[in-house]
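> okay, sequence plus prediction incoming.
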Amino acid sequence: MKKIILISLALLISVAVLAYASGMTSSFVFSQESLQSAFQDVSMAFNVSIVVDPTVSGNITMNLNNVTLDQALSTICKGYGLFYFNYDGVYFVGTNMSAMSMKAAGYSERVIELKYLSSSNVMAFLQPYSNYITYAQSYPYLFFFGPNSVYEKVLSTVKSVDVPGTNVYVVYNIYTMSNSNYAMWQNDFYSSYIMPGQFKSTNFEFFQKYSNYMKFEGNGFALAGAGKNIQFKANYLPSSSLSMNVLVNSIGATQANLNFNLSVQNVSSGTVQGTPSYTINTNSTVTVGDNKMAVASFRSGNSNFIVTVSTVRSAPSTSIFTLMDMGPKVRTYNLVMDYNGNNNTIKALGNIDHFGLKISAGQNIPSGIYVGISSPVAIGLQGYLLIGGPIFSNLSNVNNYKGEIALVQYPDFKSNFLSSGVLTVSASLTSLANFHLQYNGNLEYKMDNLVLGGEFSYNHIQLTGSNNFDLYGSIGLVYYGEILRVLYSPISNTFKFEMNWGG
């Protein structure tokens, strides 16, 4: 009897494969049906696995008559701004961007196969990159869509954690949300998943639907053990300082029971004022596991925060610490350097955290050094406030000192067109009205690791009233977000070398 059943199943599978290979067709009538449900119907009709990005949303109204699998997927995706591809018999449907615009932006589609951990466990370590990754809990794959530089970081992190091991880690992630998105979050989550002022267990995949509406702020890891009390502190949050104690009540093969005590304080001018402005249920006890995480949301000052905590059974403790630098953080060090080959002049402007430094030297200019403060003004824009003067000069003479304000724009690499530039305004401390303004702006087109474009240069010296313009053609190389370029101006017959570097 068992042999008959096995033979019958083999025949059914063979018939299904032959039917699909010969162009099996099906018909569908969708009337205000959710896209998630529509793709599930297609999956069932053709007996194939279709992984749908959790961010796919909206309803579909469409009639499809006698269509193949590819025709059904192609028609739906084209009509609703989606795309799909097939990997190892599993179809993926995503919303990040169309295949055409993805390639135009220098993005590539990659599939990372997991060996030991579940996709949700690995994603606990990859939250800074969640906008580039889609997954389904039941499949051992991560679908990546993004620039190669980010892919290398994701792959390195996966290789570090996706190894056999018995250690368990508590992982937390912190996000902020705008007021409008936070209101949407409350409407969706408070009704079924999250109650105000406490941690609750939430489905990991459901939470991922909201990742595009959140801004990642930071994360942390700690080795867990039954009865161990873990303390996390986050002093880098907007206008707030967070402190969280996690007591590991018990750890099993697939889940852990955690007790939370979390407090938040408003921070003003670098000091903590008063008692905690908000305390989340000091005795929240939550069970988390392979596809469950603890989630809490709260408001402090003018900011809306989301905190997630999960446990991951992963690599030995010696490798977990290499993950602490995995997030896309604000560039903490930068350097722009300009070398003029005609007069052997070099200028370098850079920062390490909030310390700014500029050095200049050459045949026609005195060697000078400027020091001061530096801070991000906006995304991709670094500001400097410096003071200094010639190195070999009378330091007691205030007339030898100059002040300088500088703005440096770094390319964001979100498209193939890259814009960058440096604007500086300098003046003697005793005669600020006689300033010197200089601007170098670059516009380039990126093709793989090669960039082609040009630079516009402008100089204005207030004391003499002179204005100088110049145009350069440029060719350069891009490597992990850094640019090295060579420039030539037929107007002034000048060669220059420039470098943008940071991290």
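Sure thing, it's come through.
> how about Ala427, secondary structure?
Ala427 falls in the strand class when you classify it by DSSP: H, G, I helix; E, B strand; the rest coil.
> just give the nearest non-adjacent residue to it, would you?
Distances taken as C-beta to C-beta, 6 or more residues apart in numbering place Phe435 nearest to Ala427, at 4.0 Å, with adjacent residues excluded. Where you see a C-beta, it was placed from the backbone N, CA and C, and this is true even at glycine.
> pLDDT at Pro371, what is it?
Residue 371: Val, not Pro. If you check Val371, the pLDDT there is 93.
> give me the residues contacting the helix or strand hosting it.
Element membership for Val371 (DSSP states H and E) is strand 368-378. Contacts to strand 368-378, defined as C-beta atoms under 8 Å, 6 or more residues apart in numbering, come from residues 330-331, 334, 351, 353-361, 382-391, 402, 404, 407.
> please apply the same query to stretch 483-490.
411, 418, 420, 442, 444, 451, 455, 457, 470-477, 494-500.
> which of those are buried?
Neighbour-count burial (16 or more other C-beta atoms under 10 Å) applied to the contacts of stretch 483-490 gives 411, 418, 420, 442, 444, 451, 455, 457, 470, 472, 474, 476, 494, 496, 498, 500.
> ok, of those, which one's closest to Gly81?
Leu418 (25.8 Å; C-beta to C-beta).
> wait, that closest one touches Lys446, no?
Yes. Contact criterion C-beta atoms under 8 Å: Leu418 and Lys446 qualify, at 5.7 Å.
> for whichever strand in the chain runs longest, which strands pair with it and how are they oriented?
Once the chain is assigned using DSSP state E, the strand that runs over the most residues is strand 431-447. Using DSSP bridges, the strands paired with strand 431-447 are strand 417-428 (antiparallel), strand 450-461 (antiparallel).
> from Met24, how far off is Ala433?
80 Å (C-beta to C-beta, to the nearest Å).
> who has more neighbours, the two?
Met24 (15 against 8; other C-beta atoms under 10 Å).
> test my guess that the more buried one contacts Val42.
No. Applying C-beta under 8 Å as the test, Met24 and Val42 come out as separate, 12.0 Å apart.
> got any residues that touch both of these two?
Joint contacts of Met24 and Val42 (C-beta under 8 Å, 6+ apart) are Leu69.
> let's verify Tyr182: helix, strand, or coil?
helix.
> ok, how many other residues are close to it?
Tyr182, neighbours per other C-beta under 10 Å, totals 19.
> ok, now how distant is it from Val307?
From Tyr182 to Val307 the distance is 13 Å (C-beta to C-beta).
> which neighbours do those two share?
Contacts common to Tyr182 and Val307, judged by C-beta under 8 Å, 6+ apart, are Ser297.
> ok, Ala296 - how many residues close by?
For Ala296, the number of neighbouring residues by other C-beta under 10 Å comes to 24.
> you'd agree it is up against Phe207?
No. Counting by C-beta under 8 Å, Ala296 does not reach Phe207; the two are 11.8 Å apart.
> contacting residues for the residue nearest to Ala427?
Per C-beta under 8 Å, 6+ apart, neighbours of Phe435: 425-427, 462.
> can I have the buried ones of these as a ChimeraX selection?
Typed into ChimeraX, the line below selects the buried ones among the contacts of Phe435, using 16+ other C-beta under 10 Å:
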select :425,426,427
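> in CSV, list the contacts of Phe435 along with distance to Ser284.
Formatted as CSV, the contacts of Phe435 follow (distance: C-beta to C-beta, whole Å):
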residue, distance to Ser284
Val425, 53
Ser426, 56
Ala427, 58
Gln462, 63
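> helix or strand right after the lowest-mean-pLDDT helix or strand in the chain?
Across the helices and strands of the chain, mean confidence by mean pLDDT, DSSP states H and E is lowest for helix 317-320: a mean of 37. Using DSSP H and E, the helix or strand that directly follows helix 317-320 along the chain is strand 333-340.
> list the buried ones in that following strand?
Counting neighbours by 16+ other C-beta under 10 Å, strand 333-340 gives 334-338, 340 as buried.
> where does Ser57 land in three-state SS?
Going by three-state DSSP: Ser57 is coil.
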